[in-house]
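# sequence? don't have it. structure:
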């Protein structure tokens with residue numbers, strides 16, 4: 001084996017190691033709540049699911065248009081959803097329109113009982129028993145919240161709980177800008 005080939009054999013593991021270290025460092029310093037979404041800037045996916053409270057009533061993607069709103073993906077089995085719920089109630093009391101997508105709950109009754117106990121911040125409640133609608137949105141797990149404009153386009157995606165810090169940051173700032181744009185267009 002020539003000297004040049006030996007150097008390549010010796011440097012190849014070092015190069016692979018450095019590549020792996022770079023990949024791991026990138027992941028270490030990334031923000032898990034900033035998962036990109038291929039749907040940002042696109043219309044919400046088409047769907048048809050039952051209403052959580054009234055299973056005979058079908059709801060479609062049309063409920064996600066008309067004015068800016070949040071689509072909050074939640075479940076009773078999700079401890080982080082419970083943690084964010086009080087803050088969602090506060091936002092709803094301030095007039096923020098929130099549509100709830102109940103995600104993969106095994107029991108409609110359990111979800112209704114949960115909302116009756118903790119309060120219901122949602123203007124509409126969608127029941128996504130199998131998770132098909134959430135899958136169309138690219139949901140990784142609950143909770144996730146999507147900011148949707150008045151035309152039914154997804155403008156932003158937040159992974160994790162919505163709390164005061166999140167609302168005072170990017171999510172609330174984007175919501176307020178969409179509302180100002182919407183209200184300006186109403187005049």
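Good, I have the coordinates. Computed from a predicted structure; not experimentally measured.

# Please count neighbours and contacts with C-alpha atoms only from this point.
Will do.

# okay but residue 166 is in contact with residue 175, surely?
No: with contact defined as CA atoms under 8 Å, residue 166 does not reach residue 175; the gap is 11.6 Å.

# the more surrounded of these two?
Legend: neighbour count by other CA atoms under 10 Å for residue 166 and residue 175, higher for residue 175 (21 against 14).

# The more buried one is in what secondary structure piece?
helix 170-186 (DSSP states H and E).

# Relative to residue 61, how far out is residue 99?
11 Å (CA to CA, to the nearest Å).

# again with residue 42
13 Å.

# What of residue 118?
For residue 118 relative to residue 61 (CA to CA), the value is 26 Å.

# between those two, who's got more neighbours?
Looking at residue 118 and residue 61 with other CA under 10 Å, you find the greater number of neighbours at residue 61, namely 15 against 12.

# Check what pLDDT the more buried one gets.
We have a pLDDT of 97 for residue 61.

# The one 3 residues further on too?
In the prediction, the pLDDT value recorded for residue 64 is 97.

# Could you do residue 72 as well?
98.

# For residue 103, grab phi and psi.
With angles defined as degrees, to the nearest 10, residue 103 sits at phi -110, psi 110.

# how many neighbours does it have?
Neighbour tally, residue 103, other CA under 10 Å: 28.

# ok, which stretches of the chain are helices?
Using DSSP state H, the helices of the chain run over 3-28, 79-93, 108-118, 132-137, 164-168, 170-186.

# Worst mean pLDDT among those?
Looking at those, the weakest mean confidence is helix 3-28, a mean of 59.

# For residue 161, see how far away residue 79 is.
For residue 79, the distance to residue 161 - CA to CA - is 10 Å.

# what do you get for residue 85?
9 Å.
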